[in-house]
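# Predicted model follows, preceded by the sequence.
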Amino acid sequence: MRLTVPAGRLLRLLLLAVAALHLLSLTVNVVHRSLERAPFVHFDWLHAFLDMDQEHNLPTWFSSTLLLLSALILVNIGVTATRSGDRFARHWKVLALVFVFLALDEATQIHEAANVLRDTFDLTGVLYLSWILVAAPLVLLFALAYLRFLGHLPRPVRLLVLVGGTLYVGGAIGMEVIGSLLWDNGPGYDSMAYALSVAVEEMLEMLGIVAFMYGISTYLERYPYADEGGRPAAPRQRSGRILMASGTNATVAGAGGRPPSSS
């Protein structure tokens, strides 16, 4: 059974959800800080449920769900690619497994196991986030291994995948480092500056997943098959028009498959 993903509608829905979640979280964060000194006001439960820096709450579940949905789309592409003889079918399936792992890590914080390095070598400062010492080389090796795969993707999809990956890694590693500096050398954990850095980190990660998901959804929607060389076939028909590619030339055909007249 083929999965149908309306890429444009999915993008609008996910962007709206990300914006609403961050606006709600920021509002609750500001109100919570304002009411901290107010007696008989119990706002902690809502703050914990929506705080971007907490675990096992709504933002965490939302991110995990996005990653799992991405894995589902990748599996569907992988199955389709295998049936059509695409030489990059295995890449799609491995990528699906990576996203399943990322979803589990988002929900359970598996990467925190790398903190044994911090405790063993008494790391401080930026190196206090010892999981980055493990993750950064793995991300680099994975990117190098997937260069040919990226090159075979249609240009719009390739750009979306690159943008998504850059946003996600920039949030997960880059903003995590900035947050660590604010925690150790800046205004501290309880400051609004730190809370905003965490919000930006999570927003970059979520937007990265959304951009990636939009890219692969577009691929699934418009490039469902591959030719014998493993390159995607021409986009299938949409709104009564289809791009019929032959070599480097392309013509636009009408719903009946005939090129439009020049008159």
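Nice, thanks for sending it over. Residues are numbered from 1 along each chain as shown.

# Mind pulling up the pLDDT for residue 102?
If you check residue 102, the pLDDT there is 94.

# which residues in this protein form helices?
For the chain, the helices defined by DSSP state H cover 7-35, 44-50, 58-83, 89-108, 115-121, 131-145, 147-152, 155-169, 176-185, 192-222.

# so where's the chain uncertain?
Applying pLDDT under 70 to the chain picks out residues 1-5, 36-42, 111-130, 183-190, 224-263.

# how near is residue 79 to residue 217?
Distance, residue 79 to residue 217, using Cβ to Cβ, to the nearest Å: 15 Å. In this view, the C-beta of every residue, glycine as well, is placed from N, C-alpha and C.

# Between those two, which has more neighbouring residues?
More crowded of residue 79 and residue 217, by other Cβ atoms under 10 Å: residue 217, with 25 against 17.

# so the more buried one touches residue 9, yeah?
No - Residue 217 is not in contact with residue 9 according to Cβ atoms under 8 Å; the separation is 9.6 Å.

# Burial check on residue 84, number of neighbours?
Residues near residue 84, counting by other Cβ under 10 Å: 16.

# May I have the phi/psi pair for it?
Dihedral pair for residue 84: phi -90, psi 0, per degrees, to the nearest 10.

# end to end, how far does stretch 180-200 reach?
14 Å (Cα to Cα, to the nearest Å).

# And for residue 195, nearest residue in space, chain neighbours not counted?
residue 29 (5.6 Å; Cβ to Cβ, 6 or more residues apart in numbering).

# can you tell me which residues contact the one you found?
47, 50, 51, 195, 199 (Cβ atoms under 8 Å, 6 or more residues apart in numbering).

# filter the residues you listed to the buried ones?
47, 50, 51, 195, 199 (16 or more other Cβ atoms under 10 Å).

# The second one contacts residue 31, doesn't it?
No - Residue 50 lies out of contact with residue 31 (Cβ under 8 Å); the separation is 10.6 Å.

# returning to that earlier point: could the contacts of residue 29 go into a markdown table alongside distance to residue 131?
Below are those laid out as a markdown table (distance: Cβ to Cβ, whole Å):
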| residue | distance to residue 131 |
| --- | --- |
| 47 | 26 |
| 50 | 25 |
| 51 | 21 |
| 195 | 21 |
| 199 | 21 |
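
# Residue 61: neighbour count?
12.

# Could you report the separation of it from residue 74?
With Cβ to Cβ as the criterion, residue 61 and residue 74 are 20 Å apart.

# before we move on, what about residue 191?
Distance from residue 191 to residue 74, by Cβ to Cβ: 39 Å.

# For stretch 101-110, buried residues please.
102, 103, 105, 106, 107.

# Columns distance to residue 25 on top of those, output as TSV?
Shown next, in TSV, are the buried residues of stretch 101-110 (distance: Cβ to Cβ, whole Å):
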residue	distance to residue 25
102	21
103	20
105	21
106	16
107	18
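
# Not counting sequence-adjacent ones, nearest residue to residue 90?
Here the residue nearest residue 90, using Cβ to Cβ, 6+ apart, is residue 78, at 7.8 Å.

# just residue 44 next, same as before
In space, residue 44 is closest to residue 32, 7.5 Å off (Cβ to Cβ, 6+ apart).

# and that neighbour, how many residues sit next to it?
18.

# show me the contacts for it.
43, 44, 46, 47.

# repeat for residue 170
Taking Cβ under 8 Å, 6+ apart as the test, what residue 170 contacts is 204, 208.

# Which residues are in contact with residue 96?
71, 72, 74, 75, 78.

# what do you get if the cut-off is 6 Å, keeping everything else the same?
71, 74, 75 (Cβ atoms under 6 Å, 6 or more residues apart in numbering).

# Just the buried residues of those residues.
71, 74, 75.

# can you redo these as CSV with distance to residue 138?
Converted to CSV, these look like this (distance: Cβ to Cβ, whole Å):
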residue, distance to residue 138
71, 18
74, 19
75, 22
